[in-house]
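Undergrad: What follows is a predicted protein model with its sequence.
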Amino acid sequence: MDEATKKQVLRLFTYGLYAVSCADGGEVNAFTANWLSQASFDPPMLMVSVENASKSLGMIQRSQHFAVNILESGQRELAGALGKTAFKVPDKLKGLTYAAGENGSPLLHDALGWVECRVAASVPAGDSTIIVGEVINVGLRREGTALTMKEAGFRHAG
């Protein structure tokens, strides 16, 4: 396989940018995710890819819950800040306004809306784990356009 062509083709996929948040044992965290999709209508389910080396993966696996906060067009700086590793920046949510959801996951006030999920399944996927979550609660803060990878100018390795 030609590596340059592989990267070029994989970068053609469209992605949104989301803040996935979690809570475990009184600790909260959030990370920027772009590999996220609806997985089922009935019951409503989402799937998100979480890096195996991340702090959040363990938090989600222990608590069995997470939330997806839909970032708004123009929130590139927020996406970038939440994209830093929690091991280097342990308090990424400092200064952000949020409320704890039903299961403790932070629901960002600056997000367009949010989806709370209960973990239904997880599947190893190379350097990541796919978490499938059943939607247990949703909220809409305002109408707007969601932030995308293309708008933000972020690029994954492909």
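TA: Received, thanks.
Undergrad: need the helices for the protein, in chain order.
TA: 3-10, 55-63, 76-82, 149-152 (DSSP state H).
Undergrad: ok, and the closest non-adjacent residue to F87?
TA: K55 (6.2 Å; Cβ to Cβ, 6 or more residues apart in numbering). To be clear about C-beta, it is placed using only N, CA and C from the backbone, and glycine gets the same treatment.
Undergrad: mind listing what that neighbour touches?
TA: Taking Cβ atoms under 8 Å, 6 or more residues apart in numbering as the criterion, K55 is in contact with 29, 85-87.
Undergrad: and the helices of the chain as a markdown table, adding distance to P44 and mean pLDDT?
TA: Below are the helices of the chain laid out as a markdown table (distance: least, Cβ to Cβ, whole Å; pLDDT from 0 to 100):
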| stretch | distance to P44 | mean pLDDT |
| --- | --- | --- |
| helix 3-10 | 28 | 81 |
| helix 55-63 | 18 | 97 |
| helix 76-82 | 24 | 90 |
| helix 149-152 | 24 | 64 |
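Undergrad: Distance to N103 added to those, as JSON lines?
TA: What follows is these, written out as JSON lines (distance: least, Cβ to Cβ, whole Å):
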{"stretch": "helix 3-10", "distance to N103": "34"}
{"stretch": "helix 55-63", "distance to N103": "7"}
{"stretch": "helix 76-82", "distance to N103": "19"}
{"stretch": "helix 149-152", "distance to N103": "28"}
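Undergrad: follow-up on the earlier one: where neighbours are concerned, which of the contacts of K55 has the most?
TA: When neighbours are counted by other Cβ atoms under 10 Å, N29 leads those with 24 neighbours.
Undergrad: Fine by me, thanks again.
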